[in-house]
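Visitor: How does the following fold in three dimensions:
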Amino acid sequence: MNNYIFENQFKQEIHREAAKIGFKIAASKSFKDTLLDFLTVRMKLIDNKPRIAIMSPPLLNEFFTHPKRKEIETIFNLAKYGGDLNRFQSKKLLESRFHDHLLNEWNIHHFHLSIKKVGIGNELLFAYIDNCQILFLGLAKHTPGIFADIKWIEILHDHFPVVLEPFEMKNLKDVNPKVNAKERQILWDKGYTLGMTKIRDTVYFSPGVGRTTSGHGTEVVTLQGNIIRWMHKIDLQIKESINELSSYLKIPKEKIVFEINFGKETLELVENYSKRKILKYPEEFISSNDLKTK
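Guide: Okay, the predicted model is just below:
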């Protein structure tokens, strides 16, 4: 029977998945760092899926006469019909050391308005993205402080208030220290998270949650920890309940081989001998006593 420690196996699985995406993680890195590098890149990527696509009123006012109308329209249609938007993101997208502060703080992506060259172009299109919709906010040139300009949150506040409602800090009336866009960008670059932003008369918690002093997004680090805890929890459950699992799966325990793989939607625990998908992240095994009754 194999040793149910998933780190080595899952590390190899991460390397294979990273290669599919198009980047490489050094084999010498520890499992934790390998997982962190992978999640850092993966969570910057936009999944190819149809979403509700909406242009803000300020963007619509510019769209029809803008010299980059063709590029804007291309990105809008890709968003609407589920095409590849990642080719319009930064050329550093697949670098694990490149941390998108705007995404980490406010959950806002930016696209380079260049069809011919990936991630290159002085004209940028900003968009708030969640699972169901892409809200195209506005256009700007690639200048210092533009990524930390609160006008992107102001557009959400003014035209898409429902998006920001869950992040409203109802008991707060102000935020200190008060910083401008360039100062906020300097703080981000030095590893600080401001956490809250005042827009008009309302204070909001950062929709992107924020970042750690290492530069990694807080959501990335949180997911890394949750996956590791889940992995070790099912590892322990397997060791404690291997006889019950053998009986439940109707497989001799010496032939059972569990692996953690990337499924279509999330991580999956797979038993290789029977080719069965056993669990999906973050599911766990039922107790050994309950397995006996199955």
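Visitor: Nearest residue to the residue most central in space within the chain in space, please, no chain neighbours.
Guide: With distances taken as Cα atoms, centre = their mean, M43 lies nearest the centre of the chain, 2.6 Å away. Using Cβ to Cβ, 6 or more residues apart in numbering and skipping the chain neighbours, the partner closest in space to M43 is V220 (5.5 Å). Where C-beta positions appear, they are placed from N, C-alpha and C, glycine not excepted.
Visitor: three-state assignment of the one you found?
Guide: helix (DSSP: H, G, I helix; E, B strand; the rest coil).
Visitor: Begin at 855 from now on, thanks
Guide: Taking 855 as the first residue, the last one we looked at is V1074.
Visitor: ok now do it, which residues does it touch?
Guide: 890, 893-894, 897 (Cβ atoms under 8 Å, 6 or more residues apart in numbering).
Visitor: Same question for P998.
Guide: P998 touches 1036, 1039, counting by Cβ under 8 Å, 6+ apart.
Visitor: State the pLDDT value of it.
Guide: pLDDT, P998: 88.
Visitor: Check the average confidence over stretch 1130-1148, would you?
Guide: Stretch 1130-1148 comes out at a mean pLDDT of 79.
Visitor: Got the domain ranges for the chain?
Guide: Here the domain parsing of the chain from automatic domain parsing is 861-891+1073-1146, 901-1063.
Visitor: next one: the longest strand belonging to the chain to chain centre, how far?
Guide: Longest strand in the chain, counting residues (DSSP state E): strand 987-995. Chain-centre distance of strand 987-995: 19 Å, with Cα atoms, centre = their mean, to the nearest Å.
Visitor: so after that strand, what's the next helix or strand?
Guide: helix 1005-1013 (DSSP states H and E).
Visitor: Buried residues in whichever helix or strand comes after that next one, which are they?
Guide: Next helix or strand after helix 1005-1013 toward the C-terminus (DSSP H and E): helix 1015-1018. Neighbour-count burial for helix 1015-1018, counted by 16 or more other Cβ atoms under 10 Å, picks out 1017-1018.
Visitor: Strands along the stretch 1005-1148 of the chain, start to end?
Guide: Taking DSSP state E, counting those that start in this stretch, the strands of the stretch 1005-1148 of the chain run over residues 1050-1053, 1056-1059, 1112-1116, 1121-1125, 1130-1134.
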